[in-house]
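Chemist: everything below, folded, please.
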Amino acid sequence: MTNYAGGPPTSRGRIAAKIADERTQIDQLRNEIEEDAKMPIGERERRYEGDDKLEEKTLGQIEEVLLNCSREAFAVMKETARRFTENKGDHASPQKVWTARSAAKRDSVRIEGERPSGTTFAGRGGTPMRMGHDPL
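Modeler: Prediction:
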């Protein structure tokens, strides 16, 4: 199973592929137990024990896949942290983000240089406020 972009398999896809055979056997055992109401108790017990063993094997396989995924996730986080420390660029404040979103949604808001311009908005209580100020 690959991710939506056609790249390498996701952790969910890796897990599903790893445990597919065991999951099929578990489902088969459970269906046999449920379908045969006249199955002797000893036989039911034996099949439930087989089911438990397959479940334990499946959990071990899931753990193995997740350990491999955690190594990859750590590598991605490490690379991201390295890029953040090397990037000394301008970081957007929450106010800049809000202003940019407002400008994208409203024709009356323009961003010219560092400050927004062009309109006022009603703050709390209906009092007008200039764009870019906190409406406390």
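Chemist: quick one, strands of this protein?
Modeler: Secondary structure of the chain (DSSP state E): strands located at 110-112, 115-117, 120-122, 128-130.
Chemist: list the contacts of residue 29.
Modeler: Applying Cβ atoms under 8 Å, 6 or more residues apart in numbering to residue 29 gives the contacts 47, 50-51, 54. In short, each C-beta sits where N, CA and C put it, glycine included.
Chemist: sitting in helices, which of those do you find?
Modeler: Assigned to helices by DSSP state H, the following of the contacts of residue 29 qualify: 47, 50-51, 54.
Chemist: quick revisit: out of the contacts of residue 29, grab the one that's most surrounded.
Modeler: residue 54 (19 neighbours; other Cβ atoms under 10 Å).
Chemist: what about the protein, any weak spots by pLDDT?
Modeler: Residue ranges of the chain with pLDDT under 70: 1-8, 88-95, 103, 107-136.
Chemist: which residues in it form helices?
Modeler: Under DSSP H, the chain gives helices at 11-35, 41-86, 94-105.
Chemist: elements contacting the second one?
Modeler: Looking back up the chat, that one is helix 41-86. Packed against helix 41-86 by the contact rule (3 or more Cβ pairs under 8 Å, 6 or more residues apart in numbering; DSSP states H and E) you find helix 11-35.
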